[in-house]
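In: just a sequence and a predicted model for now, questions to come.
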Amino acid sequence: MSAVDILRDPLPGDQYDVIYDSGCFHHIAPHRRLTYLERILPALAPAGHFAIITFAAGQVETPTDLEILTTGDTAGGMSFSLDDLRTTFAALTPVDLRPVRPNIPNTFGTPFLNAALFTTPTVANNTY
């Protein structure tokens, strides 16, 4: 499978049981986040899972949304608190939101990242 631009290219396939974002969302400018959500949310199958890793607010120096909108430069990516992720992905049901644990043997984990796992709401409540 070749790479696609999540904001512009047609997505391959129909719906997915799992969508994993490892470092894409925190590079998307604030004014494009809605487009990202409009592409990702309908691509999740009923009872599907969305997982994301982002820079953690307070752990990485990042520009504000206003600075990005003014300059057009995401300066290496933005950071998000766990509450930011919960709010941004409010259409999904949170399963687990936490800082990445850095001290687990034989795993990659750095304290400047947050991890979140969401699931789609029940089919009866699925109103994206």
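Out: Great, that's in hand. Residues are numbered from 1 along each chain as shown.
In: out of the helices and strands in the protein, which is least certain?
Out: helix 65-71 (a mean of 91; mean pLDDT, DSSP states H and E).
In: CA atoms only for it, dumped as PDB, please.
Out: Listed in PDB are the C-alpha atoms of helix 65-71, where the atom choice follows Å, rounded to 0.1, in the frame of the first residue of the first chain:
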ATOM      1  CA  ASP A  65      -2.600  27.500  17.700                       C
ATOM      2  CA  LEU A  66      -2.500  31.200  17.100                       C
ATOM      3  CA  GLU A  67       1.200  31.200  16.400                       C
ATOM      4  CA  ILE A  68       0.700  28.400  13.900                       C
ATOM      5  CA  LEU A  69      -2.200  30.200  12.200                       C
ATOM      6  CA  THR A  70      -0.100  33.400  12.100                       C
ATOM      7  CA  THR A  71       3.200  31.900  10.800                       C
END
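In: buried residues in it?
Out: The neighbour-count check on helix 65-71 (16 or more other C-beta atoms under 10 Å) flags Ile68 as buried. Glycine gets a C-beta too; all of them are placed from N, C-alpha and C.
In: report the mean confidence score over the following helix or strand past that helix.
Out: Following helix 65-71 in sequence order, the next helix or strand is strand 79-80 (DSSP states H and E). Per-residue pLDDT over strand 79-80 has a mean of 94.
In: so what strands line up beside strand 79-80?
Out: Here strand 79-80 has these sheet partners by DSSP bridges: strand 44-56 (parallel).
In: residues in contact with the least confident helix or strand of the chain?
Out: For helix 65-71, the external contacting residues (C-beta atoms under 8 Å, 6 or more residues apart in numbering) are Ala29, Pro30, His31, Pro63, Asp73, Thr74, Ala75, Met78.
In: any chance you could map the strands in this protein?
Out: 16-22, 44-56, 79-80, 93-99, 113-119 (DSSP state E).
In: having no further points to raise, I will conclude here.
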